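A.B. asks: Sequence first, then the predicted structure, then my questions.
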Amino acid sequence: MHAGEGPRLPQNISGTPTVILLLNRLFVMVRSSLWRRACNMECTPCFQGKHHIARHKPAAFIAGGQMTVAATCPRHAGRGCDNETVYRRMIAILAEWSTGYRIKFALILMSADLTSCTVGPNFVAPAQPHETNYVMGQAATVTAKASGDATQQINLGGALEADWWTRLRSPDLDRTVTLALSNNRTLEVARANLLKVAEGVKVARAGLLPQLDATSGLAGQQYGASFLGREAATFPSFWAYSAGIGVSYDLDVFGGTHRSIELAAADTDVQQEAVRAAQLSVASDTVLAAIEVASTRAQIDVVKNVIASDQRTLSLVQSRLEAGASSDQDVTTAQSQLDRDRTLLPGLHQQLNIAQDTLATLVGSSPADWSAPDFSLTGMSLPQDVPLIVPSELVRSRPDIRAAEAQLHAASAAVGVATADLYPRFSLSANVAEQGLFAGPAGAAWSLVGGITAPIFHGGALSARLRAAQDDYQAAFAQYQQTVLTAFRQIADTLHALQNDADAVTAQRQALNSATKALGLNREAYTAGNTTILQVLDAQRLQQLAELSLVQARTERFLQTVNLFVAAGGGLKASGGAD
């Protein structure tokens, strides 16, 4: 069986991505161009290996309450290149750019968003299996015949309904399963977990939208002499405030947020399949517990019949003793057989009580508040027409296989998230606020900042995280393949069991007929004095074992039919949602 190939993963990435180097070079070029234009090309020598700002850092001081900037470029002092002049020219150039290139800059941002690449692998679902059957050489239609019991016909390619338990034709069972699916606490847990995980998708999607926050601040200040000189000590203290709104936005140029959304959605799919699996498990557990109740009741009836037979044998021996044809030893042997068979009932009653209590728990009730119906094997019909889904559709119908595929999708998205962490992150932030002094006027203020954060050195952590995500993907893919193989094996085992159980019913029925006939002959012989009581009891024991074995063999046919329905996905459609 080939479960198909997953998406091709990217090679391990190490070192600084080329895009970071290009963006850094672009930033240096723009900054150099701006400074040179502000200096009227007179400070070109200052750019020989060092940035002008770094080499000629301005010194600030306060004089008379006014902030001024002193020229610190002695090499070009007096040539129109003092810092104050340069800053004024740079502001004018930026103003010119803001008017002449505003539209172009907006178009660049729009195109960057529209053409942003989503790094990492794009998930491709594994190919469907190529097998056409579950058992080598088996025909599309298989017949399981049993003497004295229903004949089952298994049809490959048939469709199973979602309420598959109705095929057993038991109204009590239908009502019990419906009650379990409505009130079971395990299903409530699974549904609540699904809702919780679904909220994670909303959280991830919020990363694509601007984040809006209210901002405010309050500050008091008193300058000391050690900060700006002696005159600063004469400055009065003041209190200032600020209140406004801040907006931040991640451009998600390389798709890290999109991959996070994909990851959260895949996790939701996993939990969705967990809900479907829980539904299937609750339904199957309820049906199996009901069959267990019916089977145990049938075995109790058999043991009661055996005890009644033991009593008849004991009466026969006592009659012969009174007639002088038997001994006290024969009576004691018959009484011992009766007492030994009576010990079988407590264990069967305990087994019945456990199955009934299990049903009460499955329907969401306490055993003290709910009583299971009196299920019986005669009140159920063994399905004769048994549909079986084809292998290519099995991978789309079993919740565990679909959950494994969703986990594979999540692992693929995690590789994309780890890959995006290797690339720069672009962001925009803006603030609009009212600022002022408590003792003075207030005014509006605003800011608009574009930012970029590019990884340069993280000690190899980012590359290691990517390799770990890739390894996790390979593990998820192997787990998917194993899940498919396990599903195929379960169906193959169940198909074998259905055929073998039908043969077992035929054999056990024949054994019961022979044991019943032998018991009657031995009783007649004992009455005629031609045999001993031990031979009668031995024949009775064989008849008892044959009758119990027949009940168990018929029960196995019911159980394996239910197991086949469950192994085939229980009729849960891939497109159907979990209630």
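C.D. replies: Alright, I've got the coordinates. Numbers count the residues shown, from 1 in each chain.
A.B. asks: drop to CA atoms for contacts and neighbour counts, all remaining ones
C.D. replies: OK.
A.B. asks: next one: stretch 162-181 to chain centre, how far?
C.D. replies: Centroid displacement of stretch 162-181 relative to its chain, using Cα atoms, centre = their mean, to the nearest Å, is 27 Å.
A.B. asks: Span of that stretch from start to end?
C.D. replies: 12 Å (Cα to Cα, to the nearest Å).
A.B. asks: What residues of stretch 157-177 count as buried?
C.D. replies: 157, 160, 164-168, 170, 173-174, 176-177 (16 or more other Cα atoms under 10 Å).
A.B. asks: which two in those are spaced the farthest apart?
C.D. replies: 157 and 176 (29.2 Å; Cα to Cα).
A.B. asks: ok so, going back, in helices, which of the buried residues of stretch 157-177 appear?
C.D. replies: Of the buried residues of stretch 157-177, the ones assigned to helices by DSSP state H are 173-174, 176-177.
A.B. asks: Pull the number of nearby residues for residue 460.
C.D. replies: 11 (other Cα atoms under 10 Å).
A.B. asks: Which residue is the nearest non-sequential neighbour of residue 174?
C.D. replies: Excluding its sequence neighbours, the residue lying closest to residue 174 (Cα to Cα, 6 or more residues apart in numbering) is residue 166, at 6.2 Å.
A.B. asks: ok, now residue 275?
C.D. replies: Nearest to residue 275 is residue 190, by Cα to Cα, 6+ apart, at 5.3 Å.
A.B. asks: how about low-confidence regions in this structure?
C.D. replies: 1-116, 224-233, 573-579 (pLDDT under 70).
A.B. asks: Could you check how far the residue nearest to residue 174 is from residue 147?
C.D. replies: 25 Å.
A.B. asks: cool, and residue 309?
C.D. replies: Distance from residue 309 to residue 147, by Cα to Cα: 26 Å.
A.B. asks: Dump the C-alpha coordinates for the helix or strand hosting residue 332 into CSV.
C.D. replies: Per DSSP states H and E: residue 332 is located in helix 328-342. Provided in CSV are the C-alpha atoms of helix 328-342 (Å, rounded to 0.1, in the frame of the first residue of the first chain):
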residue,chain,number,x,y,z
ASP,A,328,-25.9,-42.7,47.5
GLN,A,329,-22.7,-42.0,45.6
ASP,A,330,-24.7,-41.4,42.4
VAL,A,331,-26.9,-39.0,44.3
THR,A,332,-23.9,-37.1,45.7
THR,A,333,-22.3,-36.9,42.2
ALA,A,334,-25.5,-35.5,40.7
GLN,A,335,-25.9,-33.0,43.5
SER,A,336,-22.3,-31.9,43.1
GLN,A,337,-22.8,-31.3,39.4
LEU,A,338,-25.9,-29.2,40.1
ASP,A,339,-24.0,-27.1,42.7
ARG,A,340,-21.1,-26.5,40.4
ASP,A,341,-23.3,-25.3,37.6
ARG,A,342,-25.0,-22.9,39.9
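A.B. asks: Counting by contacts, list what that helix packs against.
C.D. replies: Packing contacts for helix 328-342, counted by 3 or more Cα pairs under 8 Å, 6 or more residues apart in numbering; DSSP states H and E, involve helix 256-322, helix 533-567.
A.B. asks: can you give me the angle that helix makes with helix 533-567?
C.D. replies: With axes from the mean of the first three to the mean of the last three Cα atoms, to 10 degrees applied, the angle from helix 328-342 to helix 533-567 works out at 10 degrees.
A.B. asks: which residues touch the very next helix or strand once past helix 328-342?
C.D. replies: Of the helices and strands lying after helix 328-342 in sequence (DSSP H and E), the nearest is helix 344-362. By Cα atoms under 8 Å, 6 or more residues apart in numbering, the list of residues contacting helix 344-362 from outside reads 180, 184-185, 282, 285-286, 289-290, 292-293, 296-297, 299-300, 303, 366-367, 370-372.
A.B. asks: what's stretch 260-276 in contact with?
C.D. replies: Residues contacting stretch 260-276 (Cα under 8 Å, 6+ apart): 187, 190-191, 193-194, 197-198, 200-201, 204-205, 399-400, 402-404, 406-407, 409-411, 413-414, 417, 572, 578.
A.B. asks: got the buried residues for it?
C.D. replies: So stretch 260-276, judged by 16+ other Cα under 10 Å, has buried residues 260-276.
A.B. asks: Please, where are all the helices along the stretch 101-250 of the chain?
C.D. replies: 102-114, 171-183, 185-205, 225-228 (DSSP state H, counting those that start in this stretch).
A.B. asks: so who does residue 220 touch?
C.D. replies: 237-240.
A.B. asks: Residue 328 now?
C.D. replies: residue 321.
A.B. asks: That one and residue 336, how far apart?
C.D. replies: 12 Å.
A.B. asks: Check residue 239 too.
C.D. replies: With Cα to Cα as the criterion, residue 239 and residue 336 are 104 Å apart.
A.B. asks: As a quick check, tell me the outermost residue of the chain.
C.D. replies: residue 324 (77.5 Å; Cα atoms, centre = their mean).
A.B. asks: just to revisit the earlier point, reformat the buried residues of stretch 157-177 as CSV; add distance to residue 556.
C.D. replies: Below are the buried residues of stretch 157-177 laid out as CSV (distance: Cα to Cα, whole Å):
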residue, distance to residue 556
157, 24
160, 21
164, 18
165, 16
166, 18
167, 16
168, 14
170, 18
173, 18
174, 20
176, 21
177, 20
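A.B. asks: Going by distance to residue 215, which of those wins?
C.D. replies: Of the buried residues of stretch 157-177, the one sitting nearest to residue 215 (Cα to Cα) turns out to be residue 177, at 56.2 Å.
A.B. asks: returning to that earlier point: relative to helix 256-322, how tilted is the helix holding residue 332?
C.D. replies: 160 degrees.
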